[in-house]
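A.B. asks: here is my input, please return the structure:
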Amino acid sequence: MSRRRTLPGIAVALLMLAAAADSHAALPAMPQDGWYRWETMAGTQGATACCYQWRPGSVRRMGCRLDGGNGPSIDVDCDVTSDTLQVFAEVRDGRVRDIRALSAACPVETNAPVHDLGAVDTASSIDWLHGLLDERAVREDAVLVIAMHENAAAMRSLTALIENRRLDMDLREQALFWLVQLPDDAVYRYFDRLLGAR
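C.D. replies: This next block holds a predicted model:
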């Protein structure tokens, strides 16, 4: 087979792969009331998120309850760690009322069955969370959950929020707070560039 005849086929294949890499499907609709769950890539902060019982002189891991109860903590010294993040969203009357994220290794309890949406790519998960930023009741939690995603994607999202002057200052401050928690050299380079431009 001649080189001339194989190149177009290779080019088409490469274009198809590039298109697939650039596109991502949105999360499916969540029409019923209740908790929904999906998994995506965890970042540094999401890998060790679980629930703990704090007592003088001791810390004990415990299962997280979605229906009230204890909230998660991020502890780099904990005995739970996973490259996968599990995200939970509670829907009531057609609106998201609560949003949580925990390491996939962290046990979770709830009073009702959870609708499992399976694995979701990072971009789709973060896009969906950006859709909650107009909901005052859950937007701070949404920013936290964004920060728990894979570090590079979380950083891109958080810096976009910080630099968006159309957003109110409280939301941008939340993004800034979680950005500086990322133990990534890229964060320091970002602030160097930002301060150097002034």
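
A.B. asks: any stretches of the chain with poor pLDDT?
C.D. replies: Along the chain, the parts satisfying pLDDT under 70 run over 1-25, 53-54, 58-62, 69-78, 197-198.

A.B. asks: all helices in this protein, in order from the N-terminus.
C.D. replies: For the chain, the helices defined by DSSP state H occupy 3-22, 44-47, 122-130, 139-147, 151-163, 169-179, 185-196.

A.B. asks: want to throw these into a markdown table with mean neighbour count?
C.D. replies: All C-beta spots, glycine's among them, are computed from the backbone N, C-alpha and C. Below are the helices of the chain laid out as a markdown table (neighbours: other Cβ atoms under 10 Å):
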| stretch | mean neighbour count |
| --- | --- |
| helix 3-22 | 9 |
| helix 44-47 | 23 |
| helix 122-130 | 20 |
| helix 139-147 | 23 |
| helix 151-163 | 19 |
| helix 169-179 | 17 |
| helix 185-196 | 11 |
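
A.B. asks: export those helices to a markdown table and tack on distance to R65?
C.D. replies: Below are those laid out as a markdown table (distance: least, Cβ to Cβ, whole Å):
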| stretch | distance to R65 |
| --- | --- |
| helix 3-22 | 38 |
| helix 44-47 | 19 |
| helix 122-130 | 22 |
| helix 139-147 | 16 |
| helix 151-163 | 26 |
| helix 169-179 | 24 |
| helix 185-196 | 33 |
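
A.B. asks: of all these, which lies closest to V96?
C.D. replies: Nearest of the helices of the chain to V96, taken as Cβ to Cβ: helix 139-147 at 8.6 Å.

A.B. asks: ok so, going back, what about the helices of the chain, which gets the closest to I99?
C.D. replies: I99 sits nearest to helix 139-147 of all the helices of the chain, at 4.7 Å, using Cβ to Cβ.

A.B. asks: how many other residues sit next to the closest residue to P113 other than its chain neighbours?
C.D. replies: For P113, ignoring the flanking residues on the chain, the nearest one in space by Cβ to Cβ, 6 or more residues apart in numbering is G34 at 7.3 Å. G34 has 15 neighbouring residues, counting by other Cβ atoms under 10 Å.
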